[in-house]
Structure formats: structure tokens, C-alpha cells
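> Would you be able to build a 3D model of this:
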Amino acid sequence: MNDGTQSKSIMSLHAVGVVSGIAAGAWLGSAEAPTKLVTMGFSPFLISLGMVMGVFVARWTIPVAVKGTSYIWADLREKPHLIVWGIVAGMLWAVANTLTVFAIRNVGLSVAFPLWNLNSLVGMFWGWLLFNELRGSGSKQRLVVLGGATAIVIGACLLAYSTTNHDSIAQRDAATLGVLAAVGAALLWGTMYIPYRKAYISGMNPLSFVTVFTVGELGTVFALAAVFDGGVANVFHSLEEARPVLFWLFFGGFCWVIGDLFQQYAAKYIGISRGIPLSNTNQLWGLAWGALVFGELAHMSDSHTFIVGGSLIMIAGAMAISFAEAPADEQRHWQLAMERECARYGLNRDRIAAAVMGAETERHGSSRRWWELLIVAAAATVFVWLASFAERPSIEMNLGWLLAIVAASLALLVGAVIVLWKRTRFA
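Prediction:
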């Protein structure tokens, strides 16, 4: 491949990563809307378990529908060492997601979102330390990245300050716990990106990775609910009591999987140092859901400037980082990280290099099986069954803004799917 063709390919993959990151932000933001049910008195552990059950169903259904079981199993057999990494990543995600429910309960969706998006700084550090990201980049790009990181910290501080403007000590204490929960989620999610990047410089398809990822998610959240919510019997009893709202939690989990898949494609093609901050524009969507749909800012008039200003500063920082495209020298450092993984685990270098560049040297395990239709049908049946007894939550919502946000999210979904299919065939 000559330099001109390689440059064109890299530019194209950068565009794919950026589009994927933007779409991820929309769907990850929308996925958190059902967690507002915690304000109705449901346990945070129950809310997280309900969501993860939907995530489990989606993480098996979407990969099977797009690539097929033969493809997924062949990919996993080729890289069995990543199965453990995927399960560990799922465990980290599960604890972080549970912490976000506590954060939303105490400080609201519009404030909690930007705080836990500090995960981009944690991911940036791991990307630099372990996967050679930002190494070989010029001083201008490093300045952009550091400036963006500083903006994210400043924005987060503004948002944290906005939660201290409460009348009582009890309210301030609750807000402090909410902030700590959001920051804890940021640390765990930022560390979770280590297995992400390790998988993708090893050539694993994101659709394969998420099938093992979800095993760690569901097992960990169920264990947390059993330990802290009164035992296994009480967990099942609570699920039965929450039946009227389980559909919304399942649906939130399904939306999360769509956003997470786009986030993983972004991490694959532009790295976690750039892809994760870009997907963290979900804070804008979280602010839109919290402020416009749920009216969270109506009773916080003194904090409007800090919340909106902090969110915009953080978004500006994330965008600056994400659009700092990796130059050729940095790409060579990425390649060294890939070759290290190939040597460590005995992987075929040519096959992995092709996968990293959004192509595959052969269509391994691409045949379809009859039972795949049953898997998709079973997932659809679960959602229809849950919808049959679903009730509208007793939460005040602005229907007009809700429909507008849903329409915008669907438009980004269609656009990102088209871009990924045309450029990579979801490789």
C-alpha cells in the first residue's frame, strides 16, 4: 500500500470513528433516561439489574443479527485470551452503571452525566500508558489534547459546585454522595476501556467482544442486588413488583447497547484517547433529557449558569480532543502496540492488521444458521411480553421535547449505520 492510499484510508477511518462517536453520544445519553425511575422509589440495584437484563438480551441479539453465530464463535476461538478481558470489562461496567443510578437519584441526570464523563481523562491516561496513543504526535496536537482535558476538568468542577447550592445540610450531604458516586463511575468506566482497546488492536470485532462482555455485566449486577438488596429471593420479589416498569428498563438497556457498539467502533478506529471523549458528548443528550424532558433545572434557577456553562465547556474540550487526528508517527506507535499483542498471543499479523484497518483478509465463519432466527425472535418476544403489562411511569415529561430527541437519535443511528456499512461492513 503506497503512502497516498494509506493516508486516504486513515482519513476515512478517522471519519468513521468520529461519526461512530457522535452516534454513541446520542444513544448512550438516551439510554440513561429510564434510570429516572429511581426517583419513584425503586432501588438503584433493581434499576441497574433491570437495565442490564435488557443489555444482556441486546448484546446477543444484535451481533447474531448482523454477523451470525458462526462468525462470532470463530472470532472468539481465534482470540480466546480476550474472553477473560471481556468478562472483566463487563464487571467494571456493571459496578459503574450501578453507581450512576445513585448519582442520578442524588443530583439528577443533567448534573451526573458530565461528572461521570471524567472517564475520558482516565481512558486517555491508559491509552497513552498502555497502547502508545498520543506518542509520536506533534506539540500542537498534544496542546489540543491537554487543553481539551483541562476544559473537561473545569467543566466538571463547575457542575460539582452547582450541586452545593442547597438549603439544608441533608441536601448538601446527599449531593456530595451523588458527586462521589458519579466520579467513582468515571474511574471504573475509564479503566474499562483497557480491555476495549486491547481487543481491537488484537483484531477482534466489537460485535464479538460484547457477547462475552455481557456475561460479566449480568453476573456482577445480580450479585450486587442479592448482597445489598436482601438476598436472591428478595431480588426476584422486587422484579415482580417492578413489572409495570421493566419494559422501560429493558428498553434503556437496549439503547445502551446500540450506543456502546458505536462507542466501541470509535475506540477501535480512532483510539480511546479520542473516541471516548467524543462519545462523551452523551452529556449534552443527558442535559437535554434532564432539563427539557424531565424539567430538572426548574427548581435550580441559581445553578443554571454553572450547569449549562460547565456542560458546554466539557463538550468543547471533548470535541477538541477527538478531532485531533492521529498523525503518521502516532499511527506507527499504534502499529507497534498491535505487533506486541500479535507476538504475545501468537496472532496472525496480516489478518490482525487488516482487521484493525477496517477490513478482513477472509470472511471466516460467515455462514448463517437456522437457529439465529429463533434468537432474534426470542428477543423480540421478550420485549413484546414486557410491553404487554408496561405502564407509563408517573414522572412529569415534556412529550414534545421527548419526540424531538428521539427523532434526532434515530437520524444519527441511520447515518452511522450507513457509514460503518459502506466503509467497514461492520468489521
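
> Helices of the stretch 301-427 of the chain, start to end?
304-322, 328-345, 349-356, 371-388, 399-424 (DSSP state H, counting those that start in this stretch).

> roughly how far out does the fourth one sit from the chain middle?
If I follow you right, that is helix 371-388. 24 Å (Cα atoms, centre = their mean, to the nearest Å).

> can you tell me the average pLDDT over that helix?
Average pLDDT, helix 371-388: 90.

> now do stretch 133-149
81.

> likewise stretch 77-93?
Averaged across stretch 77-93, pLDDT comes to 92.

> let's number from 87 now, not from 1
Got it, the first residue is 87 from now on, which makes the last one we talked about stretch 163-179.

> buried sites along it?
The neighbour-count check on stretch 163-179 (16 or more other Cβ atoms under 10 Å) flags 164-165, 168-169, 171-179 as buried. Yep, even glycine has a C-beta here, placed from its N, CA and C like the rest.

> now stretch 348-356
Quick answer for stretch 348-356 (16+ other Cβ under 10 Å): Phe348, Gln349, Gln350, Tyr351, Ala352, Ala353, Lys354, Tyr355, Ile356.

> what about the first one, which helix or strand?
Spelled out, it's Phe348. helix 329-356 (DSSP states H and E).

> Kindly report the same for Lys284.
helix 255-286.

> what helices or strands is that helix leaning on?
When contacts are defined as 3 or more Cβ pairs under 8 Å, 6 or more residues apart in numbering; DSSP states H and E, helix 255-286 packs onto helix 167-193, helix 195-202, helix 205-217, helix 292-314, helix 329-356, helix 358-365.

> angle of it against helix 414-431?
80 degrees (axes from the mean of the first three to the mean of the last three Cα atoms, to 10 degrees).

> So for helix 255-286, mean pLDDT?
Helix 255-286 carries an average pLDDT of 86.

> check contacts around Gly241.
Pro200, Gly395, Gly396, Ser397, Leu398, Ile399, Met400, Ile401, Gly403 (Cβ atoms under 8 Å, 6 or more residues apart in numbering).

> pretty sure His100 is in contact with Ile356, am I right?
Yes: at 5.7 Å, His100 counts as touching Ile356 under the criterion of Cβ atoms under 8 Å.

> what is in contact with the two at once?
Counting by Cβ under 8 Å, 6+ apart, the common neighbours of His100 and Ile356 are Glu411, Ala412.

> Run through the residues that contact the residue positioned nearest the centre of the chain.
The residue lying closest to the centre of the chain (Cα atoms, centre = their mean) is Asp346, at 3.9 Å. Going by Cβ under 8 Å, 6+ apart, Asp346 touches Ala110, Leu114, Val296.

> Of those, which is the most crowded?
Ala110 (29 neighbours; other Cβ atoms under 10 Å).

> Which pLDDT value belongs to it?
94.

> any idea how far Val265 is from it?
Here the criterion is Cβ to Cβ, to the nearest Å. By it, Ala110 lies 24 Å from Val265.

> if we can go back for a sec, and the residue nearest to the centre of the chain, what's its pLDDT?
The score at Asp346 is 90. That number is its pLDDT.

> Then Val102?
Listed pLDDT for Val102 reads 91.

> was I right about it contacting Tyr351?
Yes: with contact defined as Cβ under 8 Å, Val102 reaches Tyr351; the gap is 7.1 Å.

> joint contacts of the two?
Counting by Cβ under 8 Å, 6+ apart, the common neighbours of Val102 and Tyr351 are Leu506, Thr510.

> Could you export the buried residues of stretch 348-356 to a markdown table, including columns for distance to Val150?
Putting the buried residues of stretch 348-356 into a markdown table (distance: Cβ to Cβ, whole Å) gives the following:
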| residue | distance to Val150 |
| --- | --- |
| Phe348 | 18 |
| Gln349 | 20 |
| Gln350 | 17 |
| Tyr351 | 18 |
| Ala352 | 22 |
| Ala353 | 22 |
| Lys354 | 20 |
| Tyr355 | 23 |
| Ile356 | 27 |
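
> any idea how far Gly345 lies from Ser365?
Distance of Gly345 to Ser365, given as Cβ to Cβ: 7 Å.

> what about the residue nearest to Ser480 when sequence neighbours are not counted, neighbour count?
Leaving aside its sequence neighbours, Ser480 sits nearest to Met126 (Cβ to Cβ, 6 or more residues apart in numbering; 6.6 Å). By other Cβ under 10 Å, the residues close to Met126 number 12.

> How about Thr391?
11.

> again, but for the one 5 residues further on
Burial of Gly396 is recorded as 26 neighbouring residues (other Cβ under 10 Å).

> and it, what is it in contact with?
Contact partners of Gly396, counting by Cβ under 8 Å, 6+ apart, are Pro200, Ile240, Gly241, Ala242, Cys243, Leu244, Leu245, Ser248.
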